[in-house]
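Asks: I'd like to go over a predicted model; first the sequence, then the structure.
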Amino acid sequence: MISRDLYDFLVRNKVADGALIAKWKKPGYEYLCSMLAIDKSASNFGTTSICRVPLSKRSQEQQVLPAVNTGCVSCASCDKGAPIWWDGPFRRKDLLFEDEQDDDEDE
C-alpha cells in the first residue's frame, strides 16, 4: 500500500495511470494490462483486444499470439495471474504446435 499523497503525486506527474489503477479495483479487470486493451475504438472490429479473451476460449492459432497494440498475451482475470507478456524475439517455431512441428520435420 502507498499513501494517498504519494498516489496523487504519481498520477499528477504521469508516473502512474490513474484510470488503469481505478479499473484494477473492478471485478474482471484485476489483471488489465492497458487501457488500450479495452478501448473498442482501437480495434478493427470494434471489440476489445485479443489479450482480454481467456486462453481456453481461443482457437489453436490464437493461443499464444500477443495483442498487437500492447504485446500482452493474456490479461483476462479468469486466467488467474498477472498479465502474460510477449517479451522475447518473435520466432515462428515458438508458435508451432506439436502436430505442426512433425509436419515441418517431414519436409
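Replies: Received, thanks. Numbering: from 1, shown residues only.
Asks: ok, the residue nearest the centre of the chain to residue 43 distance?
Replies: Against the mean C-alpha coordinate of the chain, by Cα atoms, centre = their mean, the closest residue is residue 72 at 3.1 Å. According to Cβ to Cβ, to the nearest Å, residue 72 and residue 43 sit 14 Å apart. All C-beta atoms are positioned from the backbone trio N, CA, C, and that covers glycine.
Asks: one step back: okay, and the beta partners of the residue nearest to the centre of the chain?
Replies: Assessed by DSSP bridges, residue 72 has beta-bridge partners residue 85.
Asks: let me see the contact set for it.
Replies: 33, 34, 37, 49, 51, 66, 83, 84, 85, 86 (Cβ atoms under 8 Å, 6 or more residues apart in numbering).
Asks: ok, and the closest non-adjacent residue to the third one?
Replies: Right, the one you point to is residue 37. Leaving aside its chain neighbours, residue 37 sits nearest to residue 49 (4.1 Å; criterion: Cβ to Cβ, 6 or more residues apart in numbering).
Asks: pull the number of nearby residues for residue 20.
Replies: For residue 20, the count of nearby residues is 16 (other Cβ atoms under 10 Å).
Asks: can you pull out the low-pLDDT segments for the protein?
Replies: Within the chain, the ranges that satisfy pLDDT under 70 run 80-82, 86-107.
Asks: let's see it at 80
Replies: 1, 42-44, 61-65, 79-107 (pLDDT under 80).
Asks: the residue nearest to residue 37 contacts residue 40, doesn't it?
Replies: No. Judged on Cβ atoms under 8 Å, residue 49 makes no contact with residue 40 at a distance of 9.5 Å.
Asks: those two: who's more crowded?
Replies: residue 49 (22 against 10).
Asks: which residues in this structure form helices?
Replies: Ranges of helices in the chain, per DSSP state H, are 4-12, 18-24, 92-95, 98-106.
Asks: residue 18 - nearest residue in space that isn't next to it in sequence?
Replies: Residue 18 sits nearest to residue 11 (Cβ to Cβ, 6+ apart), 4.1 Å away.
Asks: next one: the one you found from residue 66, what distance?
Replies: Distance from residue 11 to residue 66, by Cβ to Cβ: 27 Å.
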